[in-house]
Structure formats: C-alpha cells, structure tokens
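Student: next comes the sequence, and after it the predicted model I'd like to discuss.
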Amino acid sequence: MIKISIQGARGSFHDIVARHKFPGDSEIIESDTSHQVFEDVKKGLADYGVVAIENSLYGSFLDNYDNLLKYESKIVGETYLHVILNLISLPGVKMEQIREVYTHPIAMIQAESFLEKHPSVIRIEGYDTAGSVRMIKEKNLTTAAAISSNLSAQLYDMKILAKDIETEKQNYTRFLIIAKEPKYPPQANKTSLAIKAENNAGSLYKCLKCFYDQGINLSKIESRPVMGRTWGYYFYLDFERGLNTPETQRALKELAKVTETIHVLGSYEQGSVFEE
C-alpha cells in the first residue's frame, strides 16, 4: 500500500490532490505542517508527499522552496487544482446564526469579498481548511462555520451554507509530488533546479543565457536567501524540458561554468489542471 503524507486533514485540498494522483489503494498520513510532510518523506514514513508550491493569486509558498533543499526532496510530479471555496457548517445551522468563521489564513484572504458582506462575523485562522470543518463537527459548534472544500463537507457530514465564495474565480494552486529518491521518466518534459549563482556583475544573466542558447523556455524563477550568507541567494528554476534531453544536457554543461552549485530537484511530466 502506498503511503502519502499531506498537510492538513482528510478533505483538505492536499487530500484532493493525493486522491487524484494516487487513485488506487493508498494510506493518507495527516500532518499539521508542510515541514512534517517533508520529514515523513525523508524518514521513509511516507512514500510520497503532497505540498503546495504556488497559488495563482497568493504567489509562491516560500517555505516549501526552502524545504526542497533542506530535506533533499525530489520532485516526481505536479498538478494544478482549481480551488473552489465553500462556507460549511453543521446541518440545520442557518447563516444568521454564524458568529465565527474558521479556516486557513490564505483561504480567509481568498474569501475576502464574501466575508466583507458579514462584518459581524469573527475570523479565526487555523492550520487547515478541512481541519476547521472537522473541529466544528467534533465540538458541535452551532454558531461557527469553516471555509473549505466540497469533499470536506461530504466526509464530515456537514452542510454547505454558501458555494463558490472565493473572490477571484480563477484561483489555482500548483502542487508538487515529492519523494525521497528521484525518478526521471521517459515522458518527463519539465525539470526543476536550484542554483547558486556567482556573486558578480551579470551572473544571473549568464545563467539564464545557458537556457536561451538552447531554446529552452523557463516557466518559473524564484529567489530565496542562502542561510548563513548575507545577501546570498539560491535561484529556483523550472524549465520545459526533460533532464536527459540533449538540449538540457548542453545547457547544464554551460551552467556549471557560471554557477557555484547546481541541485537537480526533479524531472517529471508537466501537470495539468483538474477540479474537485
């Protein structure tokens, strides 16, 4: 049986992704934080982990970029989830009874326009969307609601008070599937690297030129500080080519000449969008 570690409770958006990517016989391991997901994979407690890496509205989940290097995790897949938020309560509860709303901080931000219509409702941030639904169910809170997925309402036998309450309907989150060991499938058409550029004029330009010269499209660039080195940075790069293609190998050969370090984070099949 495949073991998959997710951040959050069953019914969370991470759980939805895990079910989508691993539809067969599997065991879900709930973790309070993304750090714990990386720990589970590193220690062999889980075969795979599901972690959010960026959202189309919120931007990058920067801690998870840091965790990729810290835990030496390997990216073996990705997918894009169209995030739909719902207001969920105990069965029989009406909107006018709601005094508190619980959810993850990012979900709270994404439902801002809806919440502004209910100014008397107190917003209480939690570690997870689905975990908030489960907490309301377990504590029988008749004056509380949670912002979460349709799946969480189904799993915990709860009621959807309001559907599709996200402010921006084009709300997508990119999730990574991580493992302890790399897998480079023949159909891989996307690769992720972390590089440390030399600290001199034009160093980043020289790095990016290695890909330009080979006609390789960079789909993502993210910078993160190097711990213990003031004003030193890692650059995380996603590009649209498999690791073992001739163009990538030529680009990496030139890249090695203008960088201090290169970490291959993974080479995998480019993900597609799906809905819950």
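Tutor: The structure has been received and is ready for your questions.

Student: where does the residue most central in space within the chain land in three-state SS?
Tutor: The chain has A52 as the residue nearest its centroid, 0.6 Å off, counting by C-alpha atoms, centre = their mean. What DSSP: H, G, I helix; E, B strand; the rest coil gives for A52 is strand.

Student: please shift the residue numbers so they start at 395 in all later answers.
Tutor: Got it, first residue is 395 now, which makes that one A446.

Student: so it sits against F455, correct?
Tutor: Yes: applying C-beta atoms under 8 Å, one finds A446 in contact with F455, separated by 5.2 Å. All C-beta atoms are positioned from the backbone trio N, CA, C, and that covers glycine.

Student: which residues are common contacts for these two?
Tutor: Common neighbours of A446 and F455 are listed as S428 (criterion: C-beta atoms under 8 Å, 6 or more residues apart in numbering).

Student: sorry, back to before: got the contact list for the residue nearest to the centre of the chain?
Tutor: Contacts of A446 by C-beta under 8 Å, 6+ apart are 401, 407-408, 428, 455, 458, 567-570.

Student: quick check: it vs L637, distance?
Tutor: A446 sits 24 Å away from L637, going by C-beta to C-beta, to the nearest Å.

Student: with F455 instead?
Tutor: 24 Å.

Student: for R413, same thing?
Tutor: R413 is 28 Å from L637, by C-beta to C-beta.

Student: E670 too?
Tutor: For E670, the distance to L637 equals 32 Å [C-beta to C-beta].

Student: more neighbours, those two?
Tutor: Neighbours were counted for E670 and for L637 using other C-beta atoms under 10 Å; L637 has more, 19 against 14.

Student: helix, strand or coil for that one?
Tutor: L637 ends up coil, using three-state DSSP.

Student: okay, and the beta partners of the residue lying closest to E654 once chain neighbours are set aside?
Tutor: Once flanking residues are discounted, E654 sits nearest to K590: 4.3 Å by C-beta to C-beta, 6 or more residues apart in numbering. In this entry, K590 is beta-bridged to Y628, T655, by DSSP bridges.

Student: thought K590 was touching R623?
Tutor: No: applying C-beta under 8 Å, one finds K590 not in contact with R623, separated by 9.0 Å.

Student: look at these two and report which has more neighbours.
Tutor: K590 (18 against 11).

Student: would you mind measuring from that one to I410?
Tutor: From K590 to I410 the distance is 35 Å (C-beta to C-beta).

Student: next: L463.
Tutor: On the measure of C-beta to C-beta, L463 and I410 end up 27 Å apart.

Student: settle it for me: which of those two has more neighbours?
Tutor: Higher neighbour count among L463 and I410: I410, with 25 against 17, using other C-beta under 10 Å.

Student: how about the secondary structure of the more buried one?
Tutor: On the basis of three-state DSSP, I410 is classed as helix.

Student: for the nearest residue to it once chain neighbours are set aside, list the residues it contacts.
Tutor: Leaving aside its chain neighbours, I410 sits nearest to E670 (5.3 Å; criterion: C-beta to C-beta, 6+ apart). Remark: with contacts taken as C-beta under 8 Å, 6+ apart, E670 is in contact with 410, 475-476, 478, 543-545.

Student: show me the shaky parts of the stretch 395-544 of the chain.
Tutor: Nowhere does the stretch 395-544 of the chain drop to pLDDT under 70.

Student: all strands for it, in order.
Tutor: 396-401, 420-425, 442-449, 453-454, 468-476, 480-483, 494-497, 516-519, 538-542 (DSSP state E, counting those that start in this stretch).

Student: how about these in TSV, adding distance to I656?
Tutor: Below are the strands of the stretch 395-544 of the chain laid out as TSV (distance: least, C-beta to C-beta, whole Å):
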stretch	distance to I656
strand 396-401	27
strand 420-425	30
strand 442-449	20
strand 453-454	21
strand 468-476	15
strand 480-483	43
strand 494-497	39
strand 516-519	38
strand 538-542	40
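
Student: now stretch 443-460: buried residues?
Tutor: 443-449, 451, 454-455, 458-460 (16 or more other C-beta atoms under 10 Å).

Student: before we move on, what about stretch 467-480?
Tutor: 467-475, 477-480.

Student: show me which pair in the residues you listed is furthest apart.
Tutor: Largest separation among these by C-beta to C-beta: K468 and N480, giving 34.1 Å.

Student: and K614, what element?
Tutor: Per DSSP states H and E, K614 falls inside strand 612-619.

Student: brilliant, that's me finished.
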